[in-house]
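Asker: what's the 3D shape of this:
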Amino acid sequence: MSRLLLLLPGVMPLIFASSLLGLPLALGRLTDSAALERAAATLSPGGPLYLPVNVALIAFFNYYYTFLQLEPKDLSEQLKRTGAAIPGIRPGKQTAEYVASTLTRMSLLGSIFLGVLSLAPAGVEALTHLSAFRGFAGTSVLIMVGVATDTARRLRAEQAMAKYQDVDKLYDEFKM
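Answerer: Reported below is the predicted structural model:
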């Protein structure tokens, strides 16, 4: 369960953060406002506030989106209705509090991971002095890892099904 909750929101915090960071630039172009253009320069990649504001927005949206998708009180009620319980935790309010505290810790870990992931291209660029990584954002890495993981999972499932088909053939031979 913790593997699922660590990155429950997936790439959404990264997308929301980059959208908000791009807002001053879009508004500055539409309005020709000098203040918005200065804000856009400060918040654009390479600007002095880009990395800290980006990481802060990612952490906020990760926390917000996690609790938006998985409401602790609703989960507690669903567990209570189905007769399930978390060992050592009483059903109801204590379960909701336990789930909320666990989600908070897990979203903190997820926020740290997503923050480091979003900082990685800038760090590699600073170390190597290559601008080739500028368009290679943390979102791209997260999507590629997700696709690779899903592909590996599907391949393992196909291999398992192939073994079951071999067993089915063996049973068919014994029936004749």
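
Asker: show me the shaky parts of the chain.
Answerer: The chain contains residues with pLDDT under 70 at 1-7, 132-139, 165-176.

Asker: what about the helices in it?
Answerer: When secondary structure is read from DSSP state H, the chain shows helices at 2-6, 12-31, 34-43, 50-69, 72-82, 93-128, 138-175.

Asker: how about CSV for the ones you listed, with mean neighbour count added?
Answerer: In this view, the C-beta of every residue, glycine as well, is placed from N, C-alpha and C. As requested, the helices of the chain are exported to CSV (neighbours: other Cβ atoms under 10 Å):
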stretch, mean neighbour count
helix 2-6, 12
helix 12-31, 17
helix 34-43, 15
helix 50-69, 18
helix 72-82, 14
helix 93-128, 17
helix 138-175, 11
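
Asker: neighbouring contacts of stretch 62-76?
Answerer: Residues from elsewhere that reach stretch 62-76 (Cβ atoms under 8 Å, 6 or more residues apart in numbering): 5, 8-9, 12-13, 16, 91-93, 95-97, 99-100, 103-104, 106-108, 110-111, 114.

Asker: could you rerun that using 6 Å?
Answerer: Contacts to stretch 62-76, defined as Cβ atoms under 6 Å, 6 or more residues apart in numbering, come from residues 8-9, 12-13, 95-96, 99-100, 103, 107, 110-111, 114.
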